[in-house]
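# got a sequence here, can you build the structure:
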Amino acid sequence: MQDWQRLQSTVLNETRIFRLLEVLDQSPHTTKDHTFCVIDSLHWVNLIPVTSQGEIVMVKQYRHGSQRVTLEIPGGMVDAGELPADAAKRECLEETGHIVDKVASMGVLNPNPAVFNNELHTFVGHVVGTEAKVHVSETENTTVELVDIALLKGYMLDGTIDHALVCATLWRFLDQWEAG
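Below is the predicted model:
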């Protein structure tokens, strides 16, 4: 199996969070050119903040894609020039008001390689404090919920937590947590 060769890339549309590209790639098997759509996005982070009581700090927020409130772990985009670990700590503070001083990587995932070109960096960290003020804007408002680690698997299986990237991060965490 060989990689295809990118011959051309054209921006079809640009938004504040991603660019839609039309790319022309050449097949290594047939040498024929084919056109594809690719979503060019900044890298993302997910963080599992664990309290000293064995709870996960999670957020409830309205999502415009699904048009409903979801239960998720803190996460978001990595700003230009920002390290993923720093972005994870920043997102946790902004969304939950909880401070995590050190984070450990649980690896990198490819959100959807069929159309996205970015990476999801997954982290776990221990909560060391809280800040009174949580970031609230006209377009983003979150409610903090502490969830016992023992409830996570059931929440993912019954659909309480159904964000695929959040679930992938939580399954990685539970695998490491249960292994000890």
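# use CA for all of it now, contacts and neighbours both
Will do.
# what is the rounded mean pLDDT of whichever helix in the chain runs longest?
In the chain, with assignment by DSSP state H, the single longest helix is helix 164-179. Averaging pLDDT along helix 164-179 yields 93.
# next one: it to chain centre, how far?
13 Å (Cα atoms, centre = their mean, to the nearest Å).
# where do the helices of the protein begin and end?
Counting by DSSP H, the helices of the chain are 84-96, 152-158, 164-179.
# which of the ones you listed sits most buried?
Of all those, helix 84-96 carries the top mean neighbour count, a mean of 23, counting by mean count of other Cα atoms under 10 Å.
# who are the packing partners of that helix?
On a contact count with 3 or more Cα pairs under 8 Å, 6 or more residues apart in numbering; DSSP states H and E, helix 84-96 meets strand 44-50, strand 55-63, strand 75-77, strand 98-109, strand 120-130, strand 142-148.
# out of the ones you listed, which is the most enclosed?
Most buried among the helices and strands packed on helix 84-96, given mean count of other Cα under 10 Å as the contact rule, is strand 44-50, at a mean of 27.
# walk me through the domains of the protein.
With domains defined by automatic domain parsing, the chain comprises 5-41, 44-179.
# ok, of these, where does mean pLDDT dip lowest?
domain 44-179 (a mean of 94).
# how far away from the center of its chain is it?
7 Å.
# now the end-to-end length of that domain.
End-to-end distance of domain 44-179 (Cα to Cα, to the nearest Å): 26 Å.
# ok so, going back, a markdown table for the helices and strands packed on helix 84-96, including distance to residue 87?
Formatted as a markdown table, the helices and strands packed on helix 84-96 follow (distance: least, Cα to Cα, whole Å):
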| stretch | distance to residue 87 |
| --- | --- |
| strand 44-50 | 7 |
| strand 55-63 | 16 |
| strand 75-77 | 7 |
| strand 98-109 | 11 |
| strand 120-130 | 10 |
| strand 142-148 | 18 |
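# wait, which of those strands is closest to residue 4?
Residue 4 lies closest, by Cα to Cα, to one member of these: strand 98-109, at 20.8 Å.
# OK, contacts around the closest residue in space to residue 130 that isn't next to it in sequence?
Take residue 130 and drop its neighbours on the chain: the residue closest to it by Cα to Cα, 6 or more residues apart in numbering is residue 98, 4.3 Å away. Taking Cα atoms under 8 Å, 6 or more residues apart in numbering, we find residue 98 in contact with 57, 92, 127-131.
# any chance of the residues you listed in a markdown table, plus distance to residue 30?
Putting the contacts of residue 98 into a markdown table (distance: Cα to Cα, whole Å) gives the following:
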| residue | distance to residue 30 |
| --- | --- |
| 57 | 50 |
| 92 | 47 |
| 127 | 53 |
| 128 | 56 |
| 129 | 58 |
| 130 | 57 |
| 131 | 58 |
